[in-house]
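Peer 1: Next comes the sequence, and after it the predicted model I'd like to discuss.
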Amino acid sequence: MNNFLEKLEDLLKKDERVLSEDKSLLKNKVQELAYKNDEKLLNILLSDDYIKKHFFIKLKKTLIFDKEKFISFVSSKQFLPDSYTSFKNKIGLAIGDEYLGEKKEVVLNWPYKDCVLEGGMTKEDQKRDEIFYNETLAPDDINRLLDPKVFTNFKRIDKKGEHELDGFKRDEKGTIKDNLIIKGNNLLALASLKKEFAGKVKLIYIDPPYNTGNDGFKYNDSFSHSSWLVFMKNRLEIAKELLRNDGIIFVQCDDNEQAYLKVLMDKIFEGNFLNTISVKAKVSAGASGGGEDKKLKKNIEYIHCYFNKDFVVFNDVYKETEIVSYIQQMKNDGKSFKYTQVLVSTGKKENFKVIKDGSGEDITIYKHSGVITKTISQLMKEENLSLKEVYKKYFNEIFTTTNAQSSIRQRVWDATGKNNDFFSIEYIPKSGRNKGKLTTQFYTGNKKVLLIWFSDTALIDKKGNVIKKEKYGTFWDGIDYNNLNKEGDTVFPSGKKPEQLVKRVIEMSTDEGDIVLDYHLGSGTTCAVAHKMKRQYIGVEQLDYKENDSLVRLRNVINGDESGVSKITNWKGGGDFIYMELAKWNEEWIEKIQKAKTGKELFKLWDEMKETAFLSYKVDLKKIDANAKGFADLSIADQKKFLIECLDKNQLYVNFSEIEDKEYGVSKEDKELNKNFYNEK
């Protein structure tokens, strides 16, 4: 048997994908490739007749890979007996012969954002091979995981600097009105926000890790589609509870997960799908993709939009283009611009008839004689004006016609007969943008076409330019992705979104004073834009980006940052926000474990953990100490992984219900501020 084990191990080591930095085999990688029937792995196994005989079945002339047998063998204690998984079995952190991570009863993954990062990472641009903090929890492992947590390190930050927090501002309904930046695990932070903000958030915009392995968040081998979706599901379910009934969520992603994500969001948001927006994120020449596999260049990202309970109508948000440029672009695209007629005079207006609308209200019809209309070209020639000058001079008289299908048009048709006269009507709409206002409409020709006005789709800006407005659809281009490093004076290695993009999202879905939430905050783009647009915001982030942190960016905003959308929003600086952190407990031990460099340091930490850390109920201290030699034989990465799995994840941070427990050492000031935050005496 030993010869067989050694032969299999040597054979597998021919595949560099399953090797760690120290050239030892990674079991989880071998298992993953086997699950996928990986061609390279199968060819390696087939290259040795002795191994082939054990793991392949011959049916007639066809060889069939006995996947279950192979995975079971690789997962057993016999294979790599000194490995981490073998040692884990000795102390009972498995159920029967199945490892905890392989149990089908698991309902909650533990790949939170801190776990997504590789072992020892404090910033996204660091790279390592092994991730040791990525754990699955079974239902009986979860009890107080999502209880409200204690916050600490409170401070209010404004133009004058940092100040001790003396309390939270609340509105007349008792809701906190401060902007909040929270440092800590975003799932647990979301759960802690529920008590204060459930049903109060108008907009959630998130740009989560894309599960690509190269977007700054490098996942371990088991962080596949299903694990990533559980990672998203855990957070989205709580996020939904925070939304107002008329709240809306935007989730940005790429094509790697967008189809899976949409199915997940369909379920969580009960089919309340609005749109999927395609964002032109890069120019094709610089986009990723291509190469030997001849894939098309990637230059599109996606934003899935869902409403919570009450159907949402987006605010009108327009693309604005100077009129001459707009008309030229229409010509370049082979299209004709319709707004080319001018109502120079409405002539003599005479009362013609009064009819009723559908609700019985009066519609007064007027007949016009001596009406004068001219084309833009005629006026340019007659008055010696440029195209721009005509559109400016006759801004309110320029029109086109449409064969509007409406009940009012039908009544006008029936009342006036099929002739070539010019009619106008006056009425007060019961709904729509002119609800309750006296409104005039003009109809002309034997088909009674409706005149629609250029001024309804355009504006004259402060400089006197005529601007054509065009509502955005589901394809967004023209967003500048160049020089993003200059926005907010923070440099983010990857994934930074333009303020222009976030502004559009906020503008179309919120009004001033509404609450905006981003729990994958990164460099702080969402909160920076919300601050400039006078929205209240909540941002959550676990990582510390030092000089490129969201705190640095928001300080810049308060001090009058001129980048991004500052000019468009006329931003001059001002305002404040509150910074606070989740109070760590077992999370402190995890950070100490991550920082350790040697086995000696980890042995010392283990002795300390036995005294003061909250350990999992599955941990048998006597068995662990009795197998100290087995622990010492593990790699440093596996020693760290083991120690982290020994910790009770329900106690990563201090629970608010235990704030008075002296063991946690919560200060008097923090106790008062936490009670203030949770609105408890």
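Peer 2: Here it is on my side, so go on. Numbering: from 1, shown residues only.
Peer 1: How about the secondary structure of the nearest residue to V251 once chain neighbours are set aside?
Peer 2: Leaving aside its chain neighbours, V251 sits nearest to H304 (5.0 Å; criterion: C-beta to C-beta, 6 or more residues apart in numbering). Every residue, glycine included, has its C-beta placed from N, CA and C. In three-state terms, and counting by DSSP: H, G, I helix; E, B strand; the rest coil, H304 is strand.
Peer 1: My guess is H304 contacts Q258. True?
Peer 2: Yes: H304 lies in contact with Q258 (C-beta atoms under 8 Å); the separation is 7.1 Å.
Peer 1: before we move on, the earlier item: tally of neighbours for the residue nearest to V251?
Peer 2: H304: 21 surrounding residues under other C-beta atoms under 10 Å.
Peer 1: before we move on, back to that, please enumerate the shared neighbours of H304 and Q258.
Peer 2: Common contact partners of H304 and Q258 (C-beta atoms under 8 Å, 6 or more residues apart in numbering): T276.
Peer 1: Now do the closest residue in space to V449 that isn't next to it in sequence against K353, distance only.
Peer 2: Sequence neighbours aside, T401 is the residue nearest to V449 in space, at 4.1 Å (criterion: C-beta to C-beta, 6+ apart). Counting by C-beta to C-beta, to the nearest Å, the gap between T401 and K353 amounts to 22 Å.
Peer 1: Let me see the domain layout of the protein.
Peer 2: Annotated domains of the chain cover 1-77, 151-162+176-317+475-582, 320-469 [automatic domain parsing].
Peer 1: Which of those has the highest mean neighbour count?
Peer 2: domain 151-162+176-317+475-582 (a mean of 19; mean count of other C-beta atoms under 10 Å).
Peer 1: pLDDT on it, on average?
Peer 2: The average pLDDT within domain 151-162+176-317+475-582 is 86.
Peer 1: measure it end to end?
Peer 2: End-to-end distance of domain 151-162+176-317+475-582 (C-alpha to C-alpha, to the nearest Å): 5 Å.
Peer 1: What strands line up against the top strand by length along the chain, and which way round?
Peer 2: Secondary structure of the chain per DSSP state E: the longest strand is strand 243-253. Paired neighbours of strand 243-253 in the sheet (DSSP bridges): strand 201-206 (parallel), strand 300-307 (antiparallel).
Peer 1: want to throw the ones you listed into CSV with distance to K497?
Peer 2: Shown next, in CSV, are the strands paired with strand 243-253 (distance: least, C-beta to C-beta, whole Å):
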stretch, distance to K497
strand 201-206, 9
strand 300-307, 9
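Peer 1: what's the closest of those strands to Y35?
Peer 2: strand 300-307 (27.8 Å; C-beta to C-beta).
Peer 1: C-terminal to the closest one, what's the next element?
Peer 2: strand 318-322 (DSSP states H and E).
Peer 1: Show the low-confidence segments of the stretch 301-450 of the chain, by residue range.
Peer 2: 358, 405-407, 409-410, 413, 415, 417-420, 432-433 (pLDDT under 70).
Peer 1: So which other helices or strands are in contact with whichever strand or helix holds the residue nearest to V449?
Peer 2: Per DSSP H and E: T401 is located in strand 398-402. Other helices and strands packing on strand 398-402, by 3 or more C-beta pairs under 8 Å, 6 or more residues apart in numbering; DSSP states H and E, are strand 341-345, strand 449-453.
Peer 1: In the stretch 551-681 of the chain, mark out all the strands, start to finish.
Peer 2: For the stretch 551-681 of the chain, applying DSSP state E, counting those that start in this stretch gives strands covering 577-582.
Peer 1: what about the helices in it?
Peer 2: Taking DSSP state H, counting those that start in this stretch as the test, the helices found in the stretch 551-681 of the chain are 586-595, 599-612, 621-626, 628-632, 636-646, 668-677.
Peer 1: any chance of the ones you listed in JSON lines, with mean pLDDT too?
Peer 2: Shown next, in JSON lines, are these (pLDDT from 0 to 100):
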{"stretch": "helix 586-595", "mean pLDDT": "88"}
{"stretch": "helix 599-612", "mean pLDDT": "92"}
{"stretch": "helix 621-626", "mean pLDDT": "83"}
{"stretch": "helix 628-632", "mean pLDDT": "84"}
{"stretch": "helix 636-646", "mean pLDDT": "85"}
{"stretch": "helix 668-677", "mean pLDDT": "96"}
